[in-house]
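Participant: Please work out how this folds:
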Amino acid sequence: MKILIIGGAGYIGSHVAREFLDTGHQVVVFDNLSSGLERNLFPEARFVKGDILDTNGLDAVMKEGFDALVHLAAFKAAGESMTKPEKYSVNNISGTLNILNAACAAGIQRVVFSSSAATYGEPRYLPIDEDHPTNPENYYGFTKLEIERFLGWYDKLKGLRFAALRYFNAAGYDVKGRIGGLERNPANLLPVIMEAACGMREKVQVFGNDYDTKDGTGVRDYVHVSDLAAGHVAALDYLVKQDKSLTVNLGSEAGFSVMELIETTRRVTGRPIVAEIVARRPGDPAKLTASSRRARELLGWEAKYSDVDTLVRTSWEAYRKHAGL
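Facilitator: Here you go, the predicted structure:
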């Protein structure tokens, strides 16, 4: 099939593009390179530089004809979304409506959407499944949930089938080492640890060590980005075969603590990493893990690379090469 991947030069998007190429699909990447990188593009995939706020550009590329599109072009910094909601309104919501309208005009009837576990908010129970209440605690999560609602209406009114994939914490790098472009200004834990291992930052701040967990530090569900990429292909297969929409979690279901990631990185890299214990961040739950049962049952998907050693090892390979170590 011919797939348009919007945001395909970014961290997750480049892995998704690689997975679609590996499984025999024809890929066109549409990206404005605001956070994506040219080095994350592949010669087998045609690249179109464009912005989702440019309706003419979207219309032009989609008129080429595609069997499906993958939308990974939303801004995703939760903290920033609370101080710059207008930025997230314009790009995430208005930009997505531009994508949906252009898709309908061009006759594209399948969308795989990069959603987020941020749609759930504070966990009421664990593991979080798709029936968990959705009550986002940041504006980023709100925009993702609103996009899911728009998709639901476009399904009803326009026959646009969608798969909304609620990621937990994406981590790691391509298990075959083919993607080396690092995230710009990362805020997630594992890239921060990697920067400390490379000497790009002095220390890692650990926000609280008195939680009710095995070592007192917060536990999160980390899912390898190669597993996420496989989830996108499986989701499109479902849309094609079943001709109905779905919303599923993509998580490892395991849960690793902050100190577990730091200790594993010390062991894998052999490098000292300074960990500074600081005060808890308001609103941080002690533990957050996913149920991915629905993805297993409907998509045949499972996390193959999301063990802590693979997450750390593949991240270190990318950062080590970047730092010339």
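
Participant: Would you agree Tyr236 is in contact with Ala163?
Facilitator: Let me fix one detail, which is that residue 236 is Leu and not Tyr. Yes. Using CB atoms under 8 Å, Leu236 makes contact with Ala163 at a distance of 7.1 Å. In this view, the C-beta of every residue, glycine as well, is placed from N, C-alpha and C.

Participant: so what sits against both of these two?
Facilitator: Residues touching both Leu236 and Ala163 (CB atoms under 8 Å, 6 or more residues apart in numbering): Val112.

Participant: Show residues contacting the longest helix seen in the chain.
Facilitator: If you go by DSSP state H, the chain has its longest helix at helix 139-158. The contact list for helix 139-158 (CB under 8 Å, 6+ apart) reads 74-78, 80-82, 85, 88-89, 92-93, 96-97, 100, 104, 111, 113, 115-116, 118-121, 134, 136, 160-162, 164, 245, 247.

Participant: Which of these fall within strands?
Facilitator: Applying DSSP state E to the contacts of helix 139-158, the entries found in strands are 111, 113, 115-116, 161-162, 164, 247.

Participant: Okay, helices next: where are they in the protein?
Facilitator: Under DSSP H, the chain gives helices at 11-22, 55-62, 78-83, 85-88, 95-106, 139-158, 189-198, 225-242, 258-269, 293-299, 308-323.

Participant: Now do the fourth one: which elements does it pack against?
Facilitator: Okay, so that is helix 85-88. Helix 85-88 sits against helix 78-83, helix 139-158, with contacts defined as 3 or more CB pairs under 8 Å, 6 or more residues apart in numbering; DSSP states H and E.

Participant: As CSV, the ones you listed with distance to Gly216 and mean pLDDT would be great.
Facilitator: Below are the helices and strands packed on helix 85-88 laid out as CSV (distance: least, CB to CB, whole Å; pLDDT from 0 to 100):
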stretch, distance to Gly216, mean pLDDT
helix 78-83, 23, 92
helix 139-158, 26, 98
